[in-house]
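Q: here is a sequence with its predicted model. Questions after.
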Amino acid sequence: MKPIAEKSRKRAAFTIIELLTVMSVIILLMGLLVPALNMIKKLARTVTQKKQFDAIGVALETYNAEWGEYPESWGDGAVMLCEAMVGRDLMGYDPTGNYAVGGDYSGRRLYLTRERANAFMINCLYPTVSVADKRRVLCDTYVSVSYYNRANPNDKMNGRFVGMPVLYYKADKTKDLHVYSAAAGGNAQNIYNCDDNLGIIDLGMPGTPYYHAMGNPGAGLTPPPRNAVPDPAIFYEKTRNDRLPMDVPPRPHREDSYILISAGFDAEYGTNDDVFNFGT
């Protein structure tokens, strides 16, 4: 029998099999945890987005109580929503005295604070839009694009991350359809016209910042990837009230007010990540 002291001098070591087993277990745990953490992150963002929709909803109801109607949405609904809630100057009114839907805008007030609005100029989100375009849109809370103010490189908002424009659709209570049909006159015959935000959707996905190369403004401009315009059938399917009986003609959610849509985590409209201001 060898002395105990001699045994203790031997170095304890793991075998290659033991090391591979431990590494396999770690890799397996990482494979399980990473997707779970991503799901938690997406869920947290979705909850934050719905809170933003709640704030916009309160502002819209205040607007409706004061003016007897919700803001219009024809043309670019996302732009009209922003102008009605925070004004073109972010202080509640339009310095030019012209409101997008007509009438005097100077008497209106701020319905949504700048902190809750998350409002940005279109020309700062989309590099292909003219610098002269001073229109603003309310953006969702998802991190999807690097903000860069081309008109004012010294803007303190440089480098901030913002999301996609919040799409706004006003219900037309004089209509009673909720299905795309070219024979029936197309989208204009529905309670909600999916073309109301076509101008915004058509700009693409604002995923490419406006780069300055060697301090030369405009150099290295790369157009953003295009965001495919959702099929009208997708819009009407996603906004259809599926709680109604099957034998009842299709009707939308919130058929007497408005619909808000966020592009969601993937920054693309018309996908399963879309967030609405109604339950699904």
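A: All right, it came through fine.
Q: who's the residue nearest to residue 276 when sequence neighbours are not counted bridged to?
A: The shortest distance from residue 276 to any non-neighbouring residue, by Cβ to Cβ, 6 or more residues apart in numbering, is to residue 261 (5.9 Å). C-beta: built from backbone N, CA, C; applies to glycine. Per DSSP bridges, the residues bridged to residue 261 are residue 167, residue 276.
Q: test my guess that residue 261 contacts residue 166.
A: Yes. Contact criterion Cβ atoms under 8 Å: residue 261 and residue 166 qualify, at 7.1 Å.
Q: looking at these two, which is more packed in?
A: Neighbours were counted for residue 261 and for residue 166 using other Cβ atoms under 10 Å; residue 166 has more, 29 against 26.
Q: my read is that the more buried one contacts residue 141, right?
A: No. Here residue 166 does not reach residue 141: they are 9.6 Å apart, not a contact under Cβ under 8 Å.
Q: what is in contact with these two at once?
A: Between them, residue 166 and residue 141 share these contacting residues under Cβ atoms under 8 Å, 6 or more residues apart in numbering: 52, 262.
Q: circling back to that earlier point, contacting residues around the residue nearest to residue 276?
A: 166, 167, 169, 269, 274, 275, 276.
Q: who wins on neighbours among the residues you listed?
A: In terms of neighbours by other Cβ under 10 Å, the contacts of residue 261 top out with residue 166 at 29 neighbours.
Q: look up the residues forming beta bridges with the nearest residue to that residue once chain neighbours are set aside.
A: Distances taken as Cβ to Cβ, 6+ apart place residue 138 nearest to residue 166, at 4.7 Å, with adjacent residues excluded. Beta-bridge partners of residue 138, counted by DSSP bridges, are residue 119.
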